[in-house]
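Enquirer: Show me how the following folds:
(2 chains)
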Amino acid sequence: MLGSFAVLRKQSLLGDAISHAALPGIAIAFLITGAKDSNTLLLGALVSGLIGTFWIRSIVKKTHLKSDTALGLILSLFFGFGMLLLTFIQKQPNANQAGLDKYLFGQAATLVESDVWLMAIVTGLCLFVLLLFWKEFKILLFDADYTKTLGFNTKFIDILITSFIVLAIVLGLQTVGVVLMSAMLLAPAAAARQWTNSLSTMVFLAAIFGAFSGVFGTAISASQTNLSTGPVIVLVASVFVFFSFVFSPSRGLLFKQIRFIKNRRDLELHKTLTFMHHIAETHDDISHPHAIKLLNNFQGFTRKTLQKLVKKDYVELQGNMWSLTEIGFETAANLYTKQSTEDE
Amino acid sequence: MTKIAVKVDDLTVAYNYKPVLWDIDLEIPEGVLMAIVGPNGAGKSTLIKSILGILKPIAGSVSIYGKPYEKQRQLVAYVPQKGSVDWDFPTTALDVVMMGTYGSLGWIKRPRQKEKKAALEALEKVGMLAFKNRQISQLSGGQQQRIFLARALVQNASIYFMDEPFQGVDATTEIAIINILKELRKAGKTVIVVHHDLQTVPEYFDWVTFLNVKKIATGPVKDIFNDDNLTKTYGINYKVSIQK
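Expert: Residues are numbered from 1 along each chain as shown, chains lettered A, B, ... in the order given. Next comes the predicted model:
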C-alpha cells in the first residue's frame, strides 16, 4: 500500500535501504536489553531505520550525490555495521542470542499473537492517516513545488509519508526479513501500477496484491515442510508482478504487441486501398478492372490484404482482375483527405 | 498612480558559491502582462521560484501588495515548467486541475461539488473540457500546458507567475494561451511570464524585465525593448526589428 508512494516517487530503493538500516538497530536493542522481546527489537529497528532515512535525505540535499548513490552508501554502511554487531553478539556467552538472524531472512513462524495485534493496529493507523491526508499526499507526489506555493508545509507531508514507509518496513522485517523486505514493499505496487491509471485504485490494488501474496505464500509454505515463509511470499508477489507486466490490458507487453500488429495490418490495408484508389482515379469508371500484377509492383500488397479488402466489400475480384467497389472508392477517398488534414 | 502588485528588494540567490541572482530590485505594477527575458542561466526561473518561496534566498525580501508573501499566498498562482513533473503519474486531467483548489481548501478537507465545478469551468476556458477524464500521460505537450494553466486559473488569484508556458507547444496552443493571458490582464490581473522568444515580446506583452543575474532593465515594452538593452542582456550585438 505504502509501496505505491515509494514507486511513484522513483525512490524504490528506499525500502531496501530502510530495511538494511534497521539491522543495527535490532542488534543494538538486543545488546542493551539482553532480551529477545520482539517489541523492543522492533523499536530499535524503527529508530535506526529512521536515522538511516533522514541521513539519506540530508546527503541528497547537502551534497551533489544522486539519491541512488546516497541510498547505496547508507544501505551498505548500516548493513555492514549490523552484521558486525550480529557476529559480535554470537560470540557472547548469552543463551538468548540464537535466533536474532531470523531478522535477516524472516521467519513468520516465530510470530506470536501480540505481534499480529501490533501489525493490525499499525496497519489501521496507516490506513487512517492515508485517508486523512490523501489529498496532500497526492499533490505532493505529483508536484512538490506547486504544493509549496499553495501554502502547504511540504516538509511535514514528506516526513509523514517517509515515517510511515519506515514503520511498515520495520513491521514486515519479522516476517520477510531484511534482505527481501523491499520486494514486499515494491512488488505489489509495481504490479498494481500496470492495471490502473488512478492513484486510488493503484493503492487499493497494491494492498490486495500484498495481502494475497501474504496469505498464499504462508499457505504454500505451511503445506510443505522446510519452506520458509518469507521467500515464498516474495515469490508469490513476483508472480503477480510478472503476470501484470505481461497481461495488463493497457500497459502489458502482450496486449501492446497485439495492438502493434493490428495497427500494422490496418495500415497495410489502408495503404493498399489508397494505392488502388490512385489507379482508379485515372479512369473514368471507378470499377475499371485491373490486373493483380499491377499491385505486385507496390510493396504493401499481399494476397491476404487483398482478400481482406474483398471481405469488406471494398474490392471485387474476378479471376486475376480486381476493381474497386463504390464503397471502396469512397472509403479510400475519405481516408486520404482525413490523413492529409491530420498531417497539417 | 497604479498600485504595486509585486515588490522585490535586494534579492540575492545562490546555489553554491556563485550567485544566480544578484541584488535584484523589482517593482511590478498591477495589471501588467510582463515578460522576463534573458539568456539561459540568467536566473529567470530562479527569480520566480524565490518570489514564491520555493527557493530560499540568501538576502532580500518580497512583498505582494505591500505585505509579506507568506500572508498573501491566496493572491498568487503559479504555473511551473511543464517538465518539472512526471506526466506518467496515475491521474486524470480533471484531477490535476482540481489541485488548484487544494490551497483554498486547506488541510484534510476534500474537494466537493463546488470545487469540481470550478475545475470544469477552468478546463472549458482552456479548451480542454473534452479531455477531462483523459489520463495525463496521454495528453500532448500543448494539452499538458493548458492543463497547468487551468490549474492556476482555478486558484482565482490576482497575480499569476508562469515559467515558460510557451515551451514546446504548437502555434494553436500558443495563441490560445496568450489570449487567455490577455483576458486575465483585461480583468485587472497581473501576469508575469518567463519568456524565450524575443520576436513575440512586443506583440504579446506590455511590460518587460531584462535579467541576467542582475536586473538590466524593467519597464514598458514600448520604452525599453530596444537593441541597447538586448545587447546588455545577451552580451552580443542583438538586432531585433520591432514592429509598431
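
Enquirer: Where does residue B:17 sit: helix, strand or coil?
Expert: coil (DSSP: H, G, I helix; E, B strand; the rest coil).

Enquirer: How much space separates it from residue A:247?
Expert: 54 Å (C-beta to C-beta, to the nearest Å). Quick note: C-beta positions are derived from backbone N, CA and C, even for glycine.

Enquirer: Compare the two and say which one has the larger neighbour count.
Expert: Neighbours were counted for residue B:17 and for residue A:247 using other C-beta atoms under 10 Å in any protein chain shown; residue A:247 has more, 13 against 5.

Enquirer: How about the more buried one: what's its closest non-neighbour residue?
Expert: residue A:254 (5.8 Å; C-beta to C-beta, 6 or more residues apart in numbering or on different chains).

Enquirer: On the three-state scheme, the residue lying closest to residue A:85 once chain neighbours are set aside is what?
Expert: Once flanking residues are discounted, residue A:85 sits nearest to residue A:27: 3.5 Å by C-beta to C-beta, 6+ apart. Three-state assignment for residue A:27 (three-state DSSP): helix.

Enquirer: So residue A:27 versus residue A:228, what's the distance?
Expert: 21 Å.

Enquirer: between those two, which one's more packed in?
Expert: Per other C-beta under 10 Å, whichever of residue A:27 and residue A:228 has more neighbours is residue A:27, with 25 against 16.

Enquirer: which residues does that one contact?
Expert: By C-beta atoms under 8 Å, 6 or more residues apart in numbering or on different chains, the contact list for residue A:27 reads A:44, A:82, A:85-86, A:88-89, A:100.

Enquirer: Buried only: go through these for me.
Expert: A:44, A:82, A:85-86, A:89, A:100 (16 or more other C-beta atoms under 10 Å in any protein chain shown).

Enquirer: Looking at the contacts of residue A:27, which is nearest chain B?
Expert: Nearest to chain B, judged by C-beta to the nearest C-beta, of these is residue A:44 at 32.8 Å.

Enquirer: For the residue most central in space within chain A, which non-adjacent residue is closest in space?
Expert: By C-alpha atoms, centre = their mean, chain A has its centre lying nearest to residue A:190, at 1.4 Å. If the residues on either side of it in the chain are set aside, residue A:190 comes closest to residue A:241, at 5.5 Å by C-beta to C-beta, 6+ apart.

Enquirer: gap between the closest residue to chain B within chain A and residue A:252?
Expert: Across chain A, no residue is closer to chain B than residue A:150, which sits at 3.4 Å (C-beta to the nearest C-beta). With distances taken as C-beta to C-beta, residue A:150 is found 36 Å from residue A:252.

Enquirer: With neighbour numbers in mind, choose between the two.
Expert: residue A:150 (24 against 17).

Enquirer: what's the closest non-adjacent residue to the more buried one?
Expert: Counting by C-beta to C-beta, 6+ apart, the residue nearest residue A:150 is residue B:103, at 3.4 Å.

Enquirer: Also residue A:167?
Expert: residue A:122 (6.1 Å).

Enquirer: show me the contacts for residue B:164.
Expert: Residues counted as contacts of residue B:164 (C-beta under 8 Å, 6+ apart) are B:45, B:81-82, B:194-196.

Enquirer: residue boundaries of the strands in the stretch 151-300 of chain A?
Expert: Assigned by DSSP state E, counting those that start in this stretch, the stretch 151-300 of chain A shows strands spanning A:290-291.

Enquirer: shaky segments in it?
Expert: For the stretch 151-300 of chain A, the stretches flagged by pLDDT under 70 are A:286, A:291-300.

Enquirer: Name the residues of it found near chain B, please.
Expert: A:151-152, A:193, A:196-199, A:201-202 (C-beta under 8 Å from any C-beta of the partner chain).

Enquirer: Now with 10 Å, please.
Expert: For the stretch 151-300 of chain A, the residues in contact with chain B (C-beta under 10 Å from any C-beta of the partner chain) are A:151-154, A:156-157, A:192-193, A:196-203, A:250.

Enquirer: Would you mind giving me the PyMOL syntax to select the buried ones in the residues you listed?
Expert: Remark: buried members of these, expressed as a PyMOL selection using 16+ other C-beta under 10 Å:
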select buried, chain A and resi 151+152+154+157+192+193+196+197+199+202+203
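
Enquirer: Narrow the residues of the stretch 151-300 of chain A next to chain B to those in helices?
Expert: A:154, A:156-157, A:192-193, A:199-203 (DSSP state H).

Enquirer: thinking again about what came up before, pull the contacting residues for the residue nearest to residue A:190.
Expert: A:183, A:186-194, A:209, A:213 (C-beta atoms under 10 Å, 6 or more residues apart in numbering or on different chains).

Enquirer: related to what we said a few turns ago, just the mean pLDDT for the helix or strand hosting the residue nearest to residue A:167, thanks.
Expert: According to DSSP states H and E, residue A:122 maps onto helix A:113-132. Helix A:113-132 comes out with an average pLDDT of 83.

Enquirer: and after that helix, which helix or strand comes next?
Expert: Assignment by DSSP H and E places the next element after helix A:113-132 at helix A:134-142.

Enquirer: ok now that next one, how far from the chain's centre?
Expert: For helix A:134-142, the separation from the chain centroid amounts to 19 Å (computed by C-alpha atoms, centre = their mean, to the nearest Å).

Enquirer: cool, and stretch B:60-71?
Expert: 17 Å.

Enquirer: Report whether that stretch contacts chain A.
Expert: Yes. Contact of stretch B:60-71 with chain A (C-beta under 10 Å from any C-beta) involves B:69-70.

Enquirer: what's the span of that stretch from first residue to last?
Expert: 17 Å (C-alpha to C-alpha, to the nearest Å).

Enquirer: Only the buried residues of that stretch, if you could.
Expert: By neighbour count with 16+ other C-beta under 10 Å, stretch B:60-71 contains the buried residues B:60, B:62-65, B:69.

Enquirer: Run through who's touching it.
Expert: Here stretch B:60-71 makes contact (C-beta under 10 Å, 6+ apart) with A:149, A:151, B:3-13, B:21, B:23-26, B:28, B:30, B:50-53, B:72-73, B:75-76, B:158-159, B:190.
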